[in-house]
Structure formats: C-alpha cells, structure tokens
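Student: need coordinates for the below:
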Amino acid sequence: MSLFFKLGMLGLLLSGAMYYCWKLFGVDGVTDQKATYAAMQGVELFYRDKVIAPPFLVEQNGLRLLAIPSEDEKFPYIWIALNRKSPTDLDGVYKVGAGRPKKISCAKIASVFDQPGISESAKAFLRTNCSENDF
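Tutor: Predicted structure coming up:
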C-alpha cells in the first residue's frame, strides 16, 4: 500500500473519531446545560430575598423547579430541576444555590413525586434529603 493511501485511511479514521466525540460531547449538550442553568439562576436570583415556604414549585422555560431550604443564610434555597437529568453532576440533578440542603419533611414533598416527568435522579435526591424516609 502506498503512503498516500495509508494517510488517507488514517485521515478518515481520525475524522470519524472526531465526529463521534463531537456528537458525544457536542455543542448541543453544552448549550442545553447552559440554558438550563441560566433559567435556574434567574429563578434563584428572583426568589433569593423573598420569603417562601419550601417546598416551593416554579415552572420556567419548560423546567419544573423545586426550592428546598439551604443551610446557607445568604442563599436560603437550593433549586433543583425535577424534569431534567444532568449529564455532568454526579447525582444527576441540576442544582443551583449554595450550602447544603436542610432536611425537609418527606410528607411535605410527597406531592412532588406525583409530578409528571420527574426524573429518577431528582426522586433519589429528594429521598436522600428528607427527614423521614417513608417512600
């Protein structure tokens, strides 16, 4: 085989690998994540100084967001996306806010589990952060 043929085959192989990586880690996923976090940060900023009674549910740009209390006084709520699974967070949950979540009564969030389209990762996160594990 000639050198040009080998280089051509190598070029095809590399371009195929690059296309696969672009599809796997591509622009669309990053753009979706940025849009999700931007919407969540807007909601967090809007409610940061307001007194709300968690669990507090808000819908924004197709996202179902739930506020749960935080241990941080400056950022009193942690917002989680119920109907989207994060591909990058270890627990699979989009979260915005600071501090650790305070435990919330499982009875208070029981109705959240009936929400249509809630992700399994959001359910697991809520079960982990409620005070009585009665689910």
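Student: next SSE after the helix or strand bottoming out on mean pLDDT in the chain?
Tutor: Least confident helix or strand of the chain, by mean pLDDT, DSSP states H and E, is helix 3-24 with a mean of 59. Using DSSP states H and E, the helix or strand that follows helix 3-24 in sequence is helix 27-47.
Student: how about stretch 93-108: buried residues?
Tutor: Val93, Tyr94, Lys95, Val96, Gly97, Pro101, Lys102, Ile104, Cys106 (16 or more other Cβ atoms under 10 Å). To be clear about C-beta, it is placed using only N, CA and C from the backbone, and glycine gets the same treatment.
Student: now the two most distant members of these.
Tutor: Farthest-apart pair in the buried residues of stretch 93-108 is Val96 and Cys106; separation 22.7 Å (Cβ to Cβ).
Student: pick out the residue nearest the middle of this structure.
Tutor: Tyr94 (1.8 Å; Cα atoms, centre = their mean).
Student: what sits against that residue?
Tutor: Taking Cβ atoms under 8 Å, 6 or more residues apart in numbering, we find Tyr94 in contact with Thr36, Tyr37, Met40, Ile80, Ala81, Arg84, Ser86.
Student: my guess is the second one meets Gly97, correct?
Tutor: No. Applying Cβ atoms under 8 Å as the test, Tyr37 and Gly97 come out as separate, 11.7 Å apart.
Student: Asp72 - how many residues pack around it?
Tutor: Asp72 is flanked by 15 other residues according to other Cβ atoms under 10 Å.
Student: going by neighbour count, list what's buried in stretch 32-46.
Tutor: For stretch 32-46, a neighbour-count test (16+ other Cβ under 10 Å) marks Gln33, Thr36, Tyr37, Ala39, Met40, Val43, Glu44 as buried.
Student: what sits against the first one?
Tutor: The contact partners of Gln33, by Cβ under 8 Å, 6+ apart, come to Ser86, Pro87, Thr88.
Student: tell me the secondary structure at the last one.
Tutor: I take that to be Thr88. Following DSSP: H, G, I helix; E, B strand; the rest coil, the label given to Thr88 is coil.
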